[in-house]
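>>> Just the structure for this:
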Amino acid sequence: MKYSSINRGFAAGNPIANIFVIIVGALVIGVSVVLGFFAFVVLGSIVLIMASIVGLRLWWFNRQLGKQVPQGGSDQRTGGVIEGEYRVVADERADE
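Numbers count the residues shown, from 1 in each chain. Predicted coordinates for the structure are as follows:
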């Protein structure tokens, strides 16, 4: 059996049925586009809200961490530079 591409119309031979199929198909495509748009907006909103929550939480955590760590040097009591005098003592083990 050989198929030909001459008659590539709709399966129904009735023109009223063909018009009905075109109208229903256009409505289905339109509804799909509208529902897809709203689904995209809803998912985008959820992602935006979750990103905002995570960003605020990280900002708050860094802010609290910054209050605990003193700025400057490694001495936590004075919070900065240790001042003092020093002298070099020769190492007696180096001569041995």
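>>> contacts and neighbour counts: CA atoms only from here.
Noted.
>>> where are the low-confidence patches of the chain?
Applying pLDDT under 70 to the chain flags the ranges 1-12, 69-80, 94-96.
>>> What ranges does it have for its helices?
Ranges of helices in the chain, per DSSP state H, are 15-68.
>>> Give me the neighbour count for I23.
Neighbourhood size, I23 [other Cα atoms under 10 Å]: 12.
>>> And for the one 10 residues further on?
Per other Cα under 10 Å, the neighbour tally for V33 reads 12.
>>> Can you tell me how far it is from N18?
23 Å (Cα to Cα, to the nearest Å).
>>> For Y86, grab phi and psi.
The phi/psi pair for Y86 (degrees, to the nearest 10) reads phi -150, psi 160.
>>> Can you tell me the number of residues neighbouring I16?
I16 has 10 neighbours, counted by other Cα under 10 Å.
>>> residues contacting it?
Listed by Cα atoms under 8 Å, 6 or more residues apart in numbering, I16 has no contact partners.
>>> now with 10 Å?
I16 is in contact with I22, counting by Cα atoms under 10 Å, 6 or more residues apart in numbering.
>>> please begin residue numbering at 9 from this point
Happy to do that; since the first residue is 9 now, the last one works out to I24.
>>> Next, count neighbours for N26.
Around N26 there are 15 other residues, counting by other Cα under 10 Å.
>>> again but with F28, I slipped
Close neighbours of F28, defined as other Cα under 10 Å, add up to 11.
>>> Okay, it and K75: tell me how far apart.
Taking Cα to Cα, one finds F28 at 70 Å from K75.
>>> what do you get for N26?
In terms of Cα to Cα, N26 sits 73 Å off from K75.
>>> How about V97?
Relative to K75, and taking Cα to Cα, V97 is found at 40 Å.
>>> just V42 next, same as before
Distance of V42 to K75, given as Cα to Cα: 50 Å.
>>> again with V89
According to Cα to Cα, V89 and K75 sit 19 Å apart.
>>> cool, I54 as well?
Per Cα to Cα, I54 is found 32 Å from K75.
>>> who has more neighbours, those two?
Applying other Cα under 10 Å to I54 and K75 shows that I54 carries more neighbours, namely 12 against 9.
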